[in-house]
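A.B. asks: Got a sequence here, can you build the structure:
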Amino acid sequence: MAKYATKGAESAGTVDRPIRHAGQIAGLKVTEHARRMIYTCFSLAELQPYRTLLLRQWAHMLGYRGHFSTKSRHYSIRLGDIRQARADFRAEQARLITGTPPPDPEKTVTVGEWHYAGSGHRHGEAFWAEVARQRIATARKIARQQAGENR
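C.D. replies: Next up is the predicted model:
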């Protein structure tokens, strides 16, 4: 199901609108696999254990009515918690590999790296650099002239 939940319904080979009646399934322009899954949603929706799943209403989404990942506070684990645990784990691995001491809450550690990004101007920067150079040259010329007049 995750294969279908991560994409839009139409990219999974099904339709992007609800299907009201089982009779509509035969006329859908979908793959045979998607047609069987839609029909299965309609069939399961009739069974007592599955009535609360709203499979018929969500048959066009192959029975899946939500996002493949949840941000709900009602679940035992949230996607943000998983991401944070992964980030903490990776940071600890990197710390062990590089031999960096464990973080001390009393101290701030700043680690920085410089990389050569290139030289020269980009996207019109040469024009503005020339304007700045001309203004500086003009200001110096005026300063020299004023200094000569004051002597």
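A.B. asks: Only C-alpha atoms from now on, for both contacts and neighbour counts.
C.D. replies: Fine.
A.B. asks: how about the helices in the protein?
C.D. replies: 2-5, 32-45, 79-98, 125-149 (DSSP state H).
A.B. asks: now stretch 18-35, how far from the centre of its chain.
C.D. replies: When C-alpha coordinates are averaged (Cα atoms, centre = their mean, to the nearest Å), stretch 18-35 and its chain have centres 32 Å apart.
A.B. asks: Please work out the average pLDDT along that stretch.
C.D. replies: Confidence over stretch 18-35, taken as the mean pLDDT, stands at 85.
A.B. asks: Now do the end-to-end distance for that stretch.
C.D. replies: 13 Å (Cα to Cα, to the nearest Å).
A.B. asks: contacting residues around that stretch?
C.D. replies: The list of residues contacting stretch 18-35 from outside it, by Cα atoms under 8 Å, 6 or more residues apart in numbering, reads 12-15, 38-39, 42, 56-60, 62.
A.B. asks: Point out the most buried one among the helices of the chain.
C.D. replies: Using mean count of other Cα atoms under 10 Å, the stretch among the helices of the chain with the largest mean neighbour count is helix 32-45, at a mean of 19.
A.B. asks: For L47, report the pLDDT, please.
C.D. replies: Model confidence at L47, given as pLDDT, is 91.
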